[in-house]
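Enquirer: sharing a model that was predicted from the sequence below.
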Amino acid sequence: MIIWDFNVIVALGITLSLGVVIILWVIYTLSRGRTEPLSNREFFRQCGFCGYLFFDYFKRTPGHCPRCGSYQN
């Protein structure tokens, strides 16, 4: 027989709440689906000075390297 004191009730409530949150998170993550792959090459730019590879979603000309601060064409 389990003795139902306050500590057991709180621990059980926290465990069940955390389990529900984790299950909902897994269901959301699996059902979301991606519309575009991350490897879309049109957004990648590489700095000509330091060689840093970065995303440029706005396709700015000239682009600005986030690492060294140089401008790229």
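Expert: Structure received.

Enquirer: burial measure for Trp25, as a count.
Expert: Burial of Trp25 is recorded as 10 neighbouring residues (other Cβ atoms under 10 Å). From N, CA and C alone the C-beta is placed, and that goes for glycine too.

Enquirer: in which helix or strand would I find the residue positioned nearest the centre of the chain?
Expert: For the chain, Thr29 is the residue whose C-alpha lies nearest the centre (Cα atoms, centre = their mean; 11.1 Å). Following DSSP states H and E, the helix or strand that holds Thr29 is helix 6-32.

Enquirer: this structure - how does it break down into domains?
Expert: Using automatic domain parsing, the domain ranges for the chain come out as 1-33, 37-73.

Enquirer: might one say that Pro66 is in contact with Phe54?
Expert: Yes: look at Pro66 against Phe54 with Cβ atoms under 8 Å: they come within range, at 5.6 Å.

Enquirer: the two: which is more packed in?
Expert: Phe54 (15 against 11).

Enquirer: within its sheet, name the partner strands of the host helix or strand of that one and how each one runs.
Expert: Using DSSP H and E, Phe54 maps to strand 53-55. Applying DSSP bridges to the sheet, strand 53-55 is found paired with strand 44-46 (antiparallel).

Enquirer: contacts made by the partner strand with the rest, please.
Expert: 52-56, 63, 72 (Cβ atoms under 8 Å, 6 or more residues apart in numbering).

Enquirer: for that strand, what is the distance to the chain centroid?
Expert: 20 Å (Cα atoms, centre = their mean, to the nearest Å).
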